[in-house]
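1. I would like to see how this sequence folds:
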Amino acid sequence: MSRAVDSDTPSDGVLPVTLRAIDTRNWQTCIHLELEPEQARKLASNLYSLAEAYVEPRCTPMGIYAGVQMIGFVMFEWHPATHTYSIPRFMIDRRWQGGGYGARALQAIIDTLKGEQPDAPILISLTPDNMPARRLYERLGFVDTKHRLHGEDVLRYA
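-> As a prediction, this is how the structure comes out:
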C-alpha cells in the first residue's frame, strides 16, 4: 500500500497522529474518507455525523491526521448529567487501515478526552459482530459493560 509521505516523516516511516477540528478547510476531505463496504454498513457516514454535530452542540467532530493527511474521523460527546464521554463515530479510511493508525488514533482520542476530564469514563459501542474493532478497543483498555444500546455492545474505558 502506497502512502503519501511528507518531509517531516520520522525515519521509522510512521507519521505522527493528531486530532484537528473539522472546519471550512477540511470538511469535504472528511466526507470523502471511505470504509470497506462491509464496514460502511456498520457506521453512519461522516456526512451524516457532521450534520448531527451541526444540530447537536454536545457532539465534537474531529479529523484524524497522520502528518498532514486526514486519515480518519471521530465524533465524541460530553454528557454532563452522567459525567461521561461517548464516542459514537470512529473510523480510519480504508487506505490507511492495517498500519497501526487506528490504535494510535484511538489512543490520541483517549489522551485528549482524559486531558479534559481525567476522571470521566469513555464509552464506545460497536455491532456485536465487529470483531476487529472489539480487539482494538479491548487492546487499548476498553472493557465490555455487557450492556447493549440500539443493538450495539457498549465498552467502557475508565
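
2. which residues does the residue nearest to R104 when sequence neighbours are not counted contact?
-> Nearest residue to R104, sequence neighbours excluded (Cβ to Cβ, 6 or more residues apart in numbering): V17, at 4.3 Å. Bear in mind the C-beta positions are built from the backbone N, C-alpha and C, glycine included. Shown in contact with V17 (Cβ atoms under 8 Å, 6 or more residues apart in numbering): 64-66, 101, 104-105, 107-108.

3. For ChimeraX, what selects the buried ones among the residues you listed?
-> Only the buried entries of the contacts of V17 go into this ChimeraX selection, using 16 or more other Cβ atoms under 10 Å:
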select :64,65,66,101,104,105,108
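
4. will you turn the contacts of V17 into a markdown table that also has secondary structure?
-> What follows is those, written out as a markdown table (DSSP: H, G, I helix; E, B strand; the rest coil):
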| residue | secondary structure |
| --- | --- |
| I64 | strand |
| Y65 | strand |
| A66 | strand |
| Y101 | helix |
| R104 | helix |
| A105 | helix |
| Q107 | helix |
| A108 | helix |
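
5. Return the member of the contacts of V17 nearest to N46.
-> Nearest to N46 among the contacts of V17: I64, at 11.1 Å, using Cβ to Cβ.

6. Look at that closest one and report its pLDDT.
-> The model reports I64 with a pLDDT of 98.
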